[in-house]
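In: give the three-dimensional model of this entry:
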Amino acid sequence: MELTDLLLEKNITISAAESCTGGLFAKTLTDRSGISAVFEGSVVTYSNRIKHQLLGVKEETLANFGAVSPQTAEEMARGICTLMGSQVGVGITGIAGPDGGTAQKPVGLVYVGLYWTSHQKLSVLELHLFGTRQQIRQQTVETACKALCKLLTEF
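Out: As a prediction, this is how the structure comes out:
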């Protein structure tokens, strides 16, 4: 079953905080007519300043672990739920390339945070993807949607 079908069927609200996907997750959801019944909104938080100011990602987290880290993805997912008042939050941060990678954090390293408030369920996926910038972004969104489907069918 498709993510949008599950969200609508179960009447579960969702919002997203995106960095490296630049709004592609939100675009994918909003391709479905009627999704406004459950999709609260999305923000693209590309800079650390906005991750902190808008989503409440701790400055210590950004300083100690960096913007591309499981800790930041977790705080983004929690923060978007607070900001939007949604039941489920998605936080996506990573390096889509072709530049910006390092030996420790190569191009294709992406973290996807998923948070379901009512079940206090949190998971963070670590992805190691390959391809062009657009392919990495598309793979990230597809993986996030599949993981959300799995999460939503567990309860």
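
In: distance of the residue of the chain positioned farthest from its centre relative to Leu109?
Out: Going by Cα atoms, centre = their mean, the residue of the chain most distant from its centre is Ala103, 23.5 Å out. Distance of Ala103 to Leu109, given as Cβ to Cβ, to the nearest Å: 11 Å. The way it works is simple: take the backbone N, C-alpha and C, and place the C-beta from them, glycine included.

In: hmm, Glu59 and Glu75 touching each other?
Out: No. If you go by Cβ atoms under 8 Å, Glu75 and Glu59 don't touch, sitting 10.9 Å apart.

In: looking at these two, which is more packed in?
Out: Taking neighbours as other Cβ atoms under 10 Å, Glu75 and Glu59 compare with Glu75 leading, 25 against 11.

In: please, which helix or strand holds that one?
Out: Using DSSP states H and E, Glu75 sits in helix 70-84.

In: packing partners for the helix or strand just after that helix?
Out: Under the assignment DSSP H and E, the closest C-terminal helix or strand after helix 70-84 is strand 88-94. In terms of contacts (3 or more Cβ pairs under 8 Å, 6 or more residues apart in numbering; DSSP states H and E), strand 88-94 is packed against strand 14-18, helix 70-84, strand 109-116, helix 133-153.

In: starting at the chain centroid, how far to strand 88-94?
Out: Centroid separation for strand 88-94 versus its chain: 2 Å, with Cα atoms, centre = their mean, to the nearest Å.

In: now it: mean pLDDT?
Out: The average pLDDT within strand 88-94 is 98.

In: partners of that strand in the sheet?
Out: strand 14-18 (parallel), strand 109-116 (antiparallel) (DSSP bridges).

In: buried residues, the helix holding Glu75. List them.
Out: Judged by neighbour count using 16 or more other Cβ atoms under 10 Å, the buried positions of helix 70-84 are 70-81, 83-84.

In: and it, average pLDDT?
Out: Mean per-residue pLDDT for helix 70-84: 98.

In: in terms of secondary structure, what does that helix contact?
Out: Partner elements for helix 70-84 (3+ Cβ pairs under 8 Å, 6+ apart): strand 14-18, strand 39-44, helix 48-55, helix 59-65, strand 88-94, strand 109-116, strand 121-128.

In: how many residues are close by Ala17?
Out: The number of residues packed near Ala17 is 32, by other Cβ under 10 Å.

In: for it, give the beta-bridge partners.
Out: Ala17 forms beta bridges with Val43, Gly91, as assigned by DSSP bridges.
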